[in-house]
Every structure is written in C-alpha cells, then in structure tokens.
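Novice: For reference, the sequence and a predicted model appear below.
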Amino acid sequence: MGSPSLTGVSELAGIPATVPVPGVPGAGSTEDTGAEAGPAAGSDAAATADPHAAEERRRPALSPSRAADFKQCPLLYRFRAVDRLPEAPSAAALRGTLVHSVLERLFDLPAADRVPARAKALVGLVWAEIAAETPELAAAVLAELQERAAATAEAAEAPAEAPEEAPEEAPAEAVEAAEVSEPADLLPAWLASAEALLDTYFALEDPRSFEPQSRELLVETELGSGVPLRGYLDRLDVDAEGGLRIVDYKTGTAPREASEARALFQMKFYALALLELHGTVPEQLRLVYLGEGGEELTYRPEAGELRRFQRILEAIWAAIREADRTGDFRPRRGPGCAWCAHRALCPAWDGTPPPYPGWPELRAASGPAHGDAHGGGASSAA
C-alpha cells in the first residue's frame, strides 16, 4: 500500500502544528503510546505533563496530538510515539497542566464553594503535589524561569542600538528580573500567573451553576475502518434534553479567525469518537481560552461533516502504518524546528536518528495483513 498524500488531508483538517510536549521524561501516554501533547508557550497546555503517562504502554491509537505531530513532521511522531524519547518540560505547558488540574478538582467541591478564592487555594496544593511526585519537572521549570530572568536582565543592562523611539528606562519586569538571584524567588510570580488564568475562567463561566457529567474522560473507540481513536476530554456536559457538550480549556489566547479550523481539529476528533460510541452528534463543541482577555469559541458539528472528517483520520492512520512498514518517518522542516527537543537526532539538521526499532504493538493491532517486515532504518531528510 502506498502512503496517502497528506497535502489534501492537512488542508481539510486544519491540523494544528504542535511543539515539544511537557511531561515526565521517557513516559508514555495511554492515549497513543506517547505522551499526549499540548502546544507550548502561549497555546494549549492541556495537555500535559501527562497525568496518565505512568500507565503501561497500550495498543497504539490515534489521538489529536499525535495526528498533529505526524502532519507536522513524521519523524517527530516517530520520536514521540514509537521511540518515546524524553523531552524537557516547558514552564508554560506545565502551568497549563496545573490550571487544568485545578479546574478538574474545582468540581469536586460543593457547588457553593466553587469560587475564585477556593480555586486559587488549589493552585499551591496541586503544585506541591507535582513537585513532590515529579521533582525533575519542578526543577526544570525553576531552571527555565531563572534562565529567562537572567536573559531579560542581561538584555536590560546591555547597551543596544537606540530605536527611533527608545524607552527612557528598562521595563519594570526587566528590572525585577535583574534583582532575582534564586530560581525559587520566581516561583510565586509563576504561580500567580496561573491564578490569573483562573480569574479569566471565572469571568467566562460560573461553575456553581451546573454539574459536568465527566471530567478528564477517557474516550476510546475504533472506527468501522479499523482506525483506533483514543483521547481525554477535559469536560463533558449534558443539557436537560440529554444533548452532549464537549468543553476544552486552553491556557493560551484565542486563535485568529483563519486558525479556528486548526483549533477545532481536536474537538471534531472527540465529537467523532462520541458519535461512534453513542450514535449521537454532540450538540456543541466549546473551546474556553483563558489567555489574555479570555474568549469562548463554540461550534455545532453535523453528522455528515464528522464522517468527512473521519476520512481525514483514516488517511493519516494509513500513512502512519505505511511509514512503520518501511521504517521511513521523514523529517519535515518548519517553524517548530526552532524549539524541537530532537534536532540533534534529525537528518534535516545534520543529525542521525537511532535505527528504527519497529513497532510490534502496531503490527499486532493491525493484524497479519500488516505484519510484513519494515525496510530501512534511519529516516531520510525531506
């Protein structure tokens, strides 16, 4: 079987470009045998220093993030889903994980107690748990914050070419950064930035007014064509008439109009999975952006649209299977290369990837028709 063209697939799907995943180094997610990823700074961090990452490696499946990885760069997909190479956590993404966990726990409280003060009190509690359970993540975040502060201070002190309208003095944040000497001193401000995202949440929604049906819901199914889907919903609501609403929190700012299709890719994925599981189309897909200004995007999917979307996922999965058969996960250069954790191993940047280990779990899941041996080892440059 030849590898399907992904050009048309990407145009239809609006697959988002993703960047390195925060997470427990070397751990894989139950979603797709790789850590389920969210974009880094300024974008979706749902995702994760993955709370499900410690579970055993499971049957391969397609998730929104891994589909995005493969579209962005097949070699990146391989490194994350097959090789499961460790990646350093991002402070912005871990903050997103922190906020998501707080919002999940908020609904454990009685409705009357779901107020901003209680939510902010959870920030310190959840962070303490993260730091205790995965101290390497906490250390990496603190190191990143200190590095950023040092760079800001250096930029503020260094002589520079005067712009046409130069400011009379350094920005306040640069002055503050210059005075910081210990990474631990930066932690309160970082935690306060998480609290600010919660303030935005409360401005958009009153959690005292409803009870979600599910939080952090594992959605797992298989399309009629055999494509396995797996992912975690932030929240699933049910209205009085039984209609389903999928809610996803984003800790970045809302995308521009031209990028909304990318933002909805993940939500259509989950809507299709629920259509397969329950036989009904969700009434609404709702994206809640907690970044500057706060914004909500809502969308009402239709069955025909979701079935067309299904063909996109089938093409992506077929391309992944073909890449596994040949061992040829080709790199694709793009903007994400600037912060990719694996550039040193990428042929597009004069690196050498490790020999392709093969993916026996995928072969077993795909049946004997797909059990033939793969070809070459190292991926070639695009």
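Specialist: Received it, and whenever you're ready, just let me know what you need. Numbers count the residues shown, from 1 in each chain.
Novice: and stretch 343-352, how far out from the chain's middle?
Specialist: Relative to the mean C-alpha coordinate of its chain, stretch 343-352 is positioned 24 Å out (CA atoms, centre = their mean, to the nearest Å).
Novice: how long is it end to end?
Specialist: End-to-end span of stretch 343-352 (CA to CA, to the nearest Å): 9 Å.
Novice: and if you look at stretch 75-87?
Specialist: Using CA to CA, the two ends of stretch 75-87 sit 15 Å apart.
Novice: Check stretch 328-335 too.
Specialist: From its first residue to its last, stretch 328-335 covers 22 Å (CA to CA).
Novice: Quick check: buried residues in that stretch?
Specialist: The neighbour-count check on stretch 328-335 (16 or more other CB atoms under 10 Å) flags D328, F329, R330, P331, R332 as buried. Heads up, the C-betas are built off the backbone N, CA and C, glycines and all.
Novice: JSON lines for those residues, including secondary structure and pLDDT?
Specialist: What follows is these, written out as JSON lines (DSSP: H, G, I helix; E, B strand; the rest coil; pLDDT from 0 to 100):
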{"residue": "D328", "secondary structure": "coil", "pLDDT": "94"}
{"residue": "F329", "secondary structure": "coil", "pLDDT": "95"}
{"residue": "R330", "secondary structure": "coil", "pLDDT": "95"}
{"residue": "P331", "secondary structure": "coil", "pLDDT": "96"}
{"residue": "R332", "secondary structure": "coil", "pLDDT": "95"}
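Novice: So which elements touch the helix or strand that R363 is a member of?
Specialist: According to DSSP states H and E, R363 maps onto helix 360-366. For helix 360-366, the helices and strands in contact under the criterion 3 or more CB pairs under 8 Å, 6 or more residues apart in numbering; DSSP states H and E are helix 303-326.
Novice: Please give the element, helix or strand, for D234.
Specialist: strand 228-238.
Novice: host element of E296?
Specialist: Secondary structure assignment for E296, by DSSP H and E: strand 295-299.
Novice: no, scratch that, I was asking about L125
Specialist: With DSSP H and E as the criterion, L125 is inside helix 116-133.
Novice: roughly how far is that helix from the heart of the chain?
Specialist: Helix 116-133 sits 21 Å away from the centroid of its parent chain (CA atoms, centre = their mean).
Novice: again with stretch 218-227
Specialist: From the chain centre to the centre of stretch 218-227 is a distance of 20 Å (CA atoms, centre = their mean).
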